[in-house]
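In: with the sequence up front, the predicted model follows.
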Amino acid sequence: MKALQPPGKAPFSCFKAMPRLVLLLLFFGPALVAAQPASLLFPIVEDGKFGFIDEGGRVVIAPQYQGAQAATEGLAPVRVVNEWGFIDTAGSLVITPQFETVFPFVEGRARVRLNGRWGFIDRAGTFVADTRYAAALDYSHDRAPVKGEAGTVVGLTVSWGYLGPEGDYTIKPKYSRALPFSEDLAAVEIVKKLLIVRTNTRWGFIDRDGQWVIEPRFSSARSFSEGLALVKKGKQWGFIDREGTFVIKVDYDQAFPFSGGLARVSEDNQWGFIDRQGQLIIDLQFDQADDFSDGLALIRAGDHWGFINQTGEVIIPAMYERARSFSDGLAYVTLDGRPGYINKAGTFVWRQAE
């Protein structure tokens with residue numbers, strides 16, 4: 001079986017062409033089209049400028065930014081000239097653009113980068129943890145994985161640890177790799193040594209206090225999802241339960257964590273889905289597939305993308321040149337060169353003008 005991909009869902013190559021950073025801002029401060037703030041904001045782009053629609057496809061913040069990301073927890077990242085900040089769902093600027101890179105808010109905190117270093121801010125834009133870290137991942141269960149303090153260790157391996165809700169270490173840096181907490185456990189990797197010689201690395205799972213719940217004995221591991229975690233021990237891949245016991249053995253080329261009760265697997269570049277008993281429920285028949293999200297899974301047949309339900313039935317035919325998984329009821333797709341958002345009926349709620 002092939003090695004696991006890096007932490008986080010690997011993006012499909014067809015998404016790389018989606019524009020992120022474009023032409024100059026027309027004017028400072030969003031021009032609102034709707035009288036009432038939207039409950040959700042979905043980024044759109046028109047004539048090289050980013051704005052937002054609501055879940056009904058109505059333009060609520062006119063396109064005017066150089067970049068934008070979807071709103072989470074009531075705040076959306078936007079790029080003004082060369083810097084990122086945040087607006088609320090009414091379009092008001094809440095956090096002044098000042099950062100090189102930002103990620104959406106999770107548990108009331110957002111990852112930001114300044115001068116090549118990472119830290120966290122709260123919803124008021126106040127630093128919870130200063131930008132001093134070489135790398136960082138989002139908060140989950142009041143813990144955030146961070147990699148060392150950038151520029152402070154010379155000639156030594158910088159380790160990962162976990163910050164607590166106040167931005168201080170609650171689990172000291174001692175791991176060669178660390179994933180965010182999921183279902184109260186985090187997958188971490190340690191270096192095994194014989195005297196002072198590094199022999200290999202092993203993955204295990206810790207609790208929020210940094211105590212081992214599943215001892216490090218796996219050569220690869222992914223986070224727990226729906227009560228199971230994908231791991232490798234020796235030559236065997238499979239899913240373990242919270243006791244660390246193998247409950248499903250995996251003999252496919254690739255496998256991914258469970259989502260919506262099913263896990264995607266591939267063999268000879270054909271993708272399908274297994275259930276929690278390890279049975280192939282949706283045959284290996286697609287050229288590519290993503291996890292189930294909002295009850296549907298994105299699949300590719302030939303050069304086009306569509307969506308299936310959990311029985312494998314094609315709900316939205318494979319007709320799009322590009323597509324993303326459904327989130328909050330909408331999916332971003334491109335048809336005949338024009339991007340837009342569709343609902344679960346396959347109807348466009350918004351589409352870029354010709």
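Out: Yes, it's here. Numbering: from 1, shown residues only.

In: where are the low-confidence patches of the stretch 101-250 of the chain?
Out: For the stretch 101-250 of the chain, applying pLDDT under 70 flags the ranges 150-157, 193-199.

In: mind doing that once more with 90?
Out: Residues of the stretch 101-250 of the chain that meet the criterion pLDDT under 90 lie in 148-158, 192-200, 234-235.

In: and for residue 325, nearest residue in space, chain neighbours not counted?
Out: Distances taken as CB to CB, 6 or more residues apart in numbering put residue 293 closest to residue 325, at 4.3 Å, once the chain neighbours are dropped. Every C-beta, even on glycine, is put in place using the N, C-alpha and C of the backbone.

In: which strand residues sit across from that neighbour in the sheet?
Out: When bridges are taken as DSSP bridges, the partners of residue 293 come out as residue 296.

In: and residue 231, by the same measure?
Out: The partner residues for residue 231, given DSSP bridges, come to residue 221, residue 238.

In: tell me the contacts of it?
Out: Listed by CB atoms under 8 Å, 6 or more residues apart in numbering, the contact partners of residue 231 are 203, 218, 220, 221, 222, 237, 238, 239, 240.

In: let's see it at 7 Å
Out: 203, 218, 220, 221, 238, 240 (CB atoms under 7 Å, 6 or more residues apart in numbering).

In: the second one and residue 319, how far apart?
Out: Per CB to CB, to the nearest Å, residue 218 is found 41 Å from residue 319.

In: tell me the mean pLDDT for stretch 333-348?
Out: Regarding stretch 333-348, the rounded mean pLDDT is 98.

In: what comes up buried for that stretch?
Out: The neighbour-count criterion (16 or more other CB atoms under 10 Å) identifies 333, 334, 335, 339, 340, 341, 342, 343, 344 as the buried residues of stretch 333-348.

In: quote the end-to-end distance of that stretch.
Out: Distance between the boundary residues of stretch 333-348 (CA to CA, to the nearest Å) amounts to 9 Å.

In: residue 248 contacts residue 275, doesn't it?
Out: No - with contact defined as CB atoms under 7 Å, residue 248 and residue 275 do not form a contacting pair (9.2 Å).

In: the more surrounded of those two?
Out: For residue 248 versus residue 275, neighbours defined as other CB atoms under 10 Å are more numerous around residue 248 (20 against 15).

In: in terms of helices and strands, where is the more buried one?
Out: Assigned by DSSP states H and E, residue 248 belongs to strand 246-250.

In: ok, back up a step: now, the most widely separated pair of the contacts of residue 231?
Out: 203 and 238 (13.6 Å; CB to CB).

In: okay, the two: which has more neighbours?
Out: Each of residue 203 and residue 238 has its neighbours counted (other CB under 10 Å); residue 203 has more, 25 against 20.
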